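K.L.:
Sequence plus the predicted model coming up.
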Amino acid sequence: MTRVLVVDDSAVMRQLIGVALSADPELEVVGEAGDPLQAREAIKALNPDVITLDVEMPNMNGLEFLERIMRLRPMPVVMVSTLTARGTEATLAALELGAVDCIEKPRGSDAAGFRRIAEKVKNAARARVRQRVQNTQPAPTDAYSPADRIVAVGSSTGGVEALLTLVERLPANCAPTVITQHMPGSFTKSFADRLNRACAATVTEAQNGDPLLPGHVYVAPGGDYHLEIEGAKQFRCKVTHGDPVNGHCPSVDVLFNSVARTAKANAVGVILTGMGRDGAGGLLAMRRAGARTLGQDEATCVVYGMPRAAFEMGAVERQYPLEKLASAIRNLTNKETER
């Protein structure tokens, strides 16, 4: 049984979330709090397994409260947010700080939305939460010249934090890099902007027809779009409407399979933290096509689901801790190391 603390400044919303969670036989609501100060005392008294947390809270900034949780008592947190532009920015910041997942706050009549909160909480209970390792070193640029390879990265739960850790360690002239992260459509442009501000390379939300250039990172649009690559001598982004694959849109498998078909051995595939199996089959296709393939190791994953599935089917050539993946990618895409 997963013990849950519900934190929201609205008494009505606390009641609605509490009822939805209590209806699930795997969840027990052990308490509620109207602000971070009450939540702090409730955590001490009740020792919950998971917290649901509103993004904007009175008496203490919600991000400041989350930072304290992750520093003093790391635990799974699911952000429940009204996804306005301001709320989107705050939620992305929360995911960077270590929140496991986020979900749009449902309206009172949205029964399906409240059931989704219960699913998010159950998934969060299986997450491995740890303090983020801050990068204090600039991305290296010495003795690096990108080889004729592209890099394809896939991630899901825990991926916002993982991608920031990875991309901020890439050199400014990194190999062309395409990323699919399971994320709502309202998040991906803001997420790409946040990565761009933090990284030496140029990070943008992928647009259909964008040429894949060194020093550029392209993030798949969320919502009902898939990102693929196409082309021969000059690879390009292909962004299309599509149905979910493996339950996801965008899908990591869709990206990886396109890289296997198009770039073949001129690619590096990387699978990061995430729930489920999306990307495992596509990464295996990449490896069979001659690409080099890497996976995040279990110890540094928030959820060792996607990397485990890929590793167990033989799709992952080698696993690395998150903080060492950028160096591994650099070595595999560096003309200097090919000589």
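P.N.:
Perfect, thanks for sending it. Residues are numbered from 1 along each chain as shown.

K.L.:
that's a strand at T293, yeah?
P.N.:
Yes: the assignment for T293 is a strand, going by DSSP: H, G, I helix; E, B strand; the rest coil.

K.L.:
Next one: it, what pLDDT does it get?
P.N.:
pLDDT recorded at T293 is 98.

K.L.:
give me every residue that touches it.
P.N.:
V268, G269, V270, I271, L283, M286, R287, A310, A315, V316, E317 (CB atoms under 8 Å, 6 or more residues apart in numbering). Every C-beta, even on glycine, is put in place using the N, C-alpha and C of the backbone.

K.L.:
And for A310?
P.N.:
The contact partners of A310, by CB under 8 Å, 6+ apart, come to I271, G279, A280, L283, L284, T293, G295, V316.

K.L.:
so how far is L294 from the first one?
P.N.:
Translated: I271. For I271, the distance to L294 (CB to CB, to the nearest Å) stands at 8 Å.

K.L.:
list the residues that contact both of those two?
P.N.:
V316.

K.L.:
Compare those two (neighbour count), which wins?
P.N.:
Using other CB atoms under 10 Å, the more surrounded residue of I271 and L294 is I271, with 31 against 25.

K.L.:
So for the more buried one, what pLDDT did the model give?
P.N.:
So I271 comes in at 98 (pLDDT).

K.L.:
Now E41: which helix or strand?
P.N.:
Here E41, judged by DSSP states H and E, is contained in helix 36-46.

K.L.:
So which other helices or strands are in contact with that helix?
P.N.:
With contacts taken as 3 or more CB pairs under 8 Å, 6 or more residues apart in numbering; DSSP states H and E, helix 36-46 sits against strand 2-7, strand 27-33, strand 50-54, helix 62-72.

K.L.:
Just the buried residues of the shortest one, please?
P.N.:
For strand 50-54, a neighbour-count test (16 or more other CB atoms under 10 Å) marks V50, I51, T52, L53, D54 as buried.

K.L.:
pretty sure the first one is in contact with P76, am I right?
P.N.:
Yes: contact between V50 and P76 holds when scored by CB atoms under 8 Å: they sit 4.7 Å apart.

K.L.:
Give the residues shared as contacts by those two.
P.N.:
A124, A125.

K.L.:
still on that earlier bit, which of the contacts of T293 fall in strands?
P.N.:
V268, G269, V270, I271 (DSSP state E).

K.L.:
Give me the buried entries from those residues.
P.N.:
By 16+ other CB under 10 Å, the ones in strands among the contacts of T293 give V268, G269, V270, I271 as buried.

K.L.:
and these, which two are the farthest apart?
P.N.:
The largest separation in those, counting by CB to CB, is between V268 and I271 at 11.2 Å.

K.L.:
Keeping just the C-alphas, turn stretch 214-233 into PDB.
P.N.:
C-alpha atoms of stretch 214-233 as PDB (Å, rounded to 0.1, in the frame of the first residue of the first chain):
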ATOM      1  CA  PRO A 214      26.600  20.200 -35.600                       C
ATOM      2  CA  GLY A 215      26.200  22.200 -32.400                       C
ATOM      3  CA  HIS A 216      22.400  21.800 -32.500                       C
ATOM      4  CA  VAL A 217      20.000  19.800 -30.400                       C
ATOM      5  CA  TYR A 218      16.400  19.200 -31.500                       C
ATOM      6  CA  VAL A 219      13.600  18.300 -29.000                       C
ATOM      7  CA  ALA A 220      10.600  16.500 -30.300                       C
ATOM      8  CA  PRO A 221       7.300  18.400 -30.000                       C
ATOM      9  CA  GLY A 222       4.900  16.900 -27.500                       C
ATOM     10  CA  GLY A 223       1.300  16.200 -27.900                       C
ATOM     11  CA  ASP A 224       0.200  14.300 -31.000                       C
ATOM     12  CA  TYR A 225       3.500  14.600 -33.000                       C
ATOM     13  CA  HIS A 226       6.200  12.100 -33.700                       C
ATOM     14  CA  LEU A 227       9.800  13.100 -34.500                       C
ATOM     15  CA  GLU A 228      11.800  11.100 -37.100                       C
ATOM     16  CA  ILE A 229      14.800  11.800 -39.300                       C
ATOM     17  CA  GLU A 230      15.000  11.600 -43.100                       C
ATOM     18  CA  GLY A 231      17.400  12.400 -45.900                       C
ATOM     19  CA  ALA A 232      20.600  11.000 -47.300                       C
ATOM     20  CA  LYS A 233      23.700  13.300 -47.400                       C
END
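
K.L.:
Fine by me, we can end here.
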